[in-house]
Each structure stands twice: as structure tokens, then as C-alpha cells.
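Peer 1: pasting the structure only:
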């Protein structure tokens, strides 16, 4: 009991004055935890209640587990909240495995019960043996450091008070205190991967090292410290270098892989596999200014030196405009105003407001996206180039080029948002001036 008490205090699992929900299946581990927490509640000053979830996987036996748990809690004077769900049907409908589905449904119920009761923590009865099984299970799947960290003592509202003791210590406590429990017959089969690890792999490892589970617990504690350090470095990089979600490609590629891989998972999904992470890092280290990769539904694009998973910009519908009118460009997030001004209108250089010689304009003025074959002669540059080439030179990401408004008449471009006016449209001080102004449409 002292070992459990010290462990709970170290991780602040059982705050005084709070309500703790014990997740009780009726099995040996959870019954041990229930009685231990009941003994500790007065000493540490917390209230205790129980939650039980019936997975409906073993017919009458599952119902008997629920009845047993409720009776055990009643004898201890502990409130018990129960829930149930057809795990087999849910697994078949979703295409997921029974174990994965059961865990998901169980934890959804636990969270809901905690919210309904105002509980601060939900305690689950994982032991050091469960931790070792988890590490071996993750190892067989090729997991990285995070998977080899095993079961954390605290995650969100979930705490594991028994994680510091072995299953043998649980059995000893049950026997010494005469605590009854239910035996799940499926635990004796090899139908599930974890059972095969428990029955066949761990016994061999314990022959090599009888304290194998304790050794794994020591290793996972060290790896958890390493993981926390590396994850903090990744979080700091994102805070410093990734405003708005865009990530600098070269800076990401220059990071140690232990940090850069964590940056990628934080930005684009914690569940990314190694192949996905490698693909993003290759994109960051590459030279293409507009390459992209698909991460099973999430597209990460390189826009010159930045990576982004924002949707591509698309385009907007052209509109005509005349003096005195204001038009909205919904796709571009802008509005445009057109006004006729007298000759000599004062103008301060801007790439969002343009003064045009009205005498040079032919036909209707259109505000439109760029078109194939557009040619532009930016005022002051003394050159004529394709608009596409100029946008590339200005390092405008390919995904955003369709959103750049172009003011044009029947002869061609008059002005380009962000680039300036065409040389043919310069005011001459004699003719009236057409003023076109772009503003954010807030």
C-alpha cells in the first residue's frame, strides 16, 4: 500500500477534495484497485465512486460481471455508474477490431461519466505487467519512442494507480484481504494478441530476468522523460517559427530528426506513420517550390520555403467595374472600388491602389483572375514579361496565384494587385485619372 501511496502522490493522481471514478470490470486488477482506493480515500481526502462498462461480448457472463461489480460497490458504500454497448456490432460496422472498438467505447463512456458526476480523475487498473505487454505489443508494430514509453501514469483525466506494482503483487493483496473477483474466461485464450504476449512471450523473458516487468517500467520512465523533452523542443519550434500553421521548410529540414518528426506529427497529425513523416521531411528538404504530398486525405504543399496544409486558394469570378462602383470578390476576400479623379491626383506608391490614365482604357474594365498568355509591363521596371513569370519571380505560391486580382481592359492588363500598374496606363497630368482601390472585405 505504501508503494501505491507514494506513486499516487508523486504524480498527483488523487487530489484532495475531488471525486475519483474507479473503472471497475469486476476482474482481479480492478477489484484490487477499488479496495486500495477505498482505503486511501479517507487518508488523502478524496471521494470515490465506480464506473462499469458492459461490452456485451460474453452474453450472460458480461451481465454477471456488471451485477457483481454493483454488489461489490454496494457493500463498500461506493456509488456505481454503469453503461453498456454492443461492441461486436460496432466493430463490424466500423471495420475495426474488437479490442480497439471496446477500448474506444469504454473510454467514451468513462469521459461522459466523469463529466456528468464532476469527477476530477478516472482511475484505471493497469499494472506493471500491462505496461510490459503494451511495450512489447508496440515493439512488434515497429513503434518509435512514443510507443515504447508504454502506459503513462497520467494522461488527461485518466490515472493508473497500480502501474507501479506487478500482477503478482495484486494477487497477493487480493489473497491477504480476502477480496473476491470475477475471472474473465477470454483472458485464458490466445484469441487476442495481448493474450499471446502474456501467455507465451513474457514468461520466456521472465526466465531471463525475473524482474522483467519492473525493468520495463524503469525503461519507460526514462523514455517518457526523453519524449517530454523532445516534444517540448518541437512545440517551441512551432511556437517560434510556424505562425498561422505555415512551417519554414529549410528550418524544419535542418532540425535533428528526433525533433523534426515530432514537429511534423504536431502540425499534420499525431497518427502519421513513419512513411508519412519521411515524405514530409523529404518535401521540406527538396528544391521544388510547389510540390505537394497526400497524407491519406491531408495534402501538405510546399510554397517556396514554407509548408502548409491549408486548402489551395482556388480562384474567383470575374466582375466588371465602372467609376462610382464597389464590387466584392468573395473568393479572394477583397472588395474593389473604382472612382474618377481629376488630373494631378496625389498618389503615394501602393500595390493595392492604382491610378490609371483614363484616356488609355479601352472598353469595359474587368477585375479577373490571371489568364494564360497575360503579359505585363510593370511601371518602373522597363521590361515586359508574362504575368506567370513575374509571379514566380515574386515567389507567389502557385496555390495562391489564382486569387490575385488583375484589372484589365480589351487591350490587356491595366494593373495587378500586389505588383503595380502597367506602363501604358501611367497618368499624364492632362487626362482624368481612374482610381482603383482594393481592400480586405472584412
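Peer 2: Sure, I can see it. Predicted model, so just to flag it, every value in this text is computed and none were measured. Numbering: from 1, shown residues only.
Peer 1: contacts, neighbours, all on C-alpha from now
Peer 2: Noted.
Peer 1: can you name the residues bridging to residue 52?
Peer 2: Note on residue 52: beta-bridge partners by DSSP bridges are residue 82.
Peer 1: repeat that for residue 409.
Peer 2: Legend: beta-bridge partners of residue 409 under DSSP bridges are residue 412.
Peer 1: who's in contact with it?
Peer 2: Shown in contact with residue 409 (Cα atoms under 8 Å, 6 or more residues apart in numbering): 361-366.
Peer 1: just give me the closest of those residues to residue 222.
Peer 2: Set against residue 222, the nearest of the contacts of residue 409 by Cα to Cα is residue 366 (65.0 Å).
Peer 1: among the contacts of residue 409, which ones are in strands?
Peer 2: In strands, defined here by DSSP state E, the members of those are 365-366.
Peer 1: with neighbour count, pLDDT and distance to residue 324 added, can I get the contacts of residue 409 in a markdown table?
Peer 2: Shown next, in a markdown table, are the contacts of residue 409 (neighbours: other Cα atoms under 10 Å; pLDDT from 0 to 100; distance: Cα to Cα, whole Å):
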| residue | neighbour count | pLDDT | distance to residue 324 |
| --- | --- | --- | --- |
| 361 | 18 | 91 | 16 |
| 362 | 12 | 91 | 18 |
| 363 | 10 | 90 | 16 |
| 364 | 12 | 92 | 14 |
| 365 | 20 | 93 | 13 |
| 366 | 20 | 94 | 14 |
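Peer 1: need the contacts of residue 409 in CSV (columns: distance to residue 393).
Peer 2: Output for these, formatted as CSV (distance: Cα to Cα, whole Å):
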residue, distance to residue 393
361, 27
362, 29
363, 30
364, 30
365, 26
366, 25
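Peer 1: which of the contacts of residue 409 lies closest to residue 317?
Peer 2: Closest approach to residue 317 among the contacts of residue 409 (Cα to Cα): residue 366, at 10.5 Å.
Peer 1: need phi/psi at the residue most central in space within the chain.
Peer 2: Nearest to the mean C-alpha position of the chain, counting by Cα atoms, centre = their mean, stands residue 269 at 4.5 Å. Residue 269 adopts backbone torsions of phi 130, psi 120, taken as degrees, to the nearest 10.
Peer 1: cool, residue 300 as well?
Peer 2: The phi/psi pair for residue 300 (degrees, to the nearest 10) reads phi -110, psi 120.
Peer 1: who's the closest spatial neighbour of it, skipping the chain neighbours?
Peer 2: Spatially, and ignoring its direct neighbours in sequence, residue 300 is nearest to residue 309 (4.5 Å; Cα to Cα, 6 or more residues apart in numbering).
Peer 1: verify the stated contact: residue 126 with residue 160.
Peer 2: Yes: with contact defined as Cα atoms under 8 Å, residue 126 reaches residue 160; the gap is 5.9 Å.
Peer 1: which strands and helices sit next to the single longest helix found in the chain?
Peer 2: When the chain is parsed with DSSP state H, its longest helix is helix 212-241. Packing partners of helix 212-241 (3 or more Cα pairs under 8 Å, 6 or more residues apart in numbering; DSSP states H and E): helix 128-140, helix 145-148, strand 247-248, helix 257-268.
Peer 1: surely residue 3 is in a helix?
Peer 2: Yes: in this structure, residue 3 lies within a helix as judged by DSSP: H, G, I helix; E, B strand; the rest coil.
Peer 1: contact partners for it?
Peer 2: Contacts for residue 3 (Cα under 8 Å, 6+ apart) come out as 164-165.
Peer 1: ok, residue 214 next?
Peer 2: So residue 214 contacts 128, 166 (Cα under 8 Å, 6+ apart).
Peer 1: same thing with the one 5 residues further on?
Peer 2: The contact partners of residue 219, taken as Cα under 8 Å, 6+ apart, are residue 149.
Peer 1: wait, residue 8 touches residue 163, no?
Peer 2: No: between residue 8 and residue 163 no contact is recorded; they are 9.8 Å apart, counting by Cα under 8 Å.
Peer 1: identify the residues contacting stretch 434-442?
Peer 2: With Cα under 8 Å, 6+ apart, stretch 434-442 has contacts from 323, 328, 333-341, 352-358, 417.
Peer 1: again, but for stretch 38-54
Peer 2: Outside of stretch 38-54, the residues within contact range by Cα under 8 Å, 6+ apart are 5, 14-25, 34, 37, 62-63, 65-66, 69, 73, 76, 78-85, 106, 109-110, 113.
Peer 1: now, which of those lie within strands?
Peer 2: Under the assignment DSSP E, these contribute 19-23, 80-84 to strands.
Peer 1: buried subset of the residues you listed, written for ChimeraX?
Peer 2: Per 16 or more other Cα atoms under 10 Å, the buried members of the ones in strands among the contacts of stretch 38-54 correspond to this ChimeraX selection:
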select :19,20,21,22,23,80,81,82,84
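Peer 1: farthest pair within the ones in strands among the contacts of stretch 38-54?
Peer 2: 19 and 84 (22.3 Å).
Peer 1: tell me the contacts of the spatially closest residue to residue 119 that is not a sequence neighbour?
Peer 2: Using Cα to Cα, 6+ apart and skipping the chain neighbours, the partner closest in space to residue 119 is residue 19 (4.6 Å). By Cα under 8 Å, 6+ apart, residue 19 lies in contact with 46-49, 118-121.
Peer 1: I'd say residue 20 and residue 123 touch.
Peer 2: Yes: if you go by Cα under 8 Å, residue 20 and residue 123 touch, sitting 7.0 Å apart.
Peer 1: quick one, phi/psi of the closest residue to residue 406 other than its chain neighbours?
Peer 2: Spatial nearest neighbour of residue 406, chain neighbours left out: residue 416 (4.7 Å); criterion: Cα to Cα, 6+ apart. The phi and psi values for residue 416, taken as degrees, to the nearest 10, are phi -130, psi 130.
Peer 1: isn't there a helix covering residue 252?
Peer 2: Yes: if the criterion is three-state DSSP, then residue 252 is within a helix.
Peer 1: my read is that it contacts residue 284, right?
Peer 2: Yes: at 6.7 Å, residue 252 counts as touching residue 284 under the criterion of Cα under 8 Å.
Peer 1: does residue 247 touch residue 309 like I think?
Peer 2: No: with contacts counted by Cα under 8 Å, residue 247 stays clear of residue 309, the gap being 9.6 Å.
Peer 1: ok, those two, which is more surrounded?
Peer 2: Neighbours per residue (other Cα atoms under 10 Å) separate residue 247 from residue 309, with residue 247 holding more: 24 against 18.
Peer 1: report the contact partners of that one.
Peer 2: 238, 241, 306-308.
Peer 1: so what's it bridging to?
Peer 2: residue 307.
Peer 1: tell me how far residue 250 lies from residue 26.
Peer 2: 54 Å (Cα to Cα, to the nearest Å).
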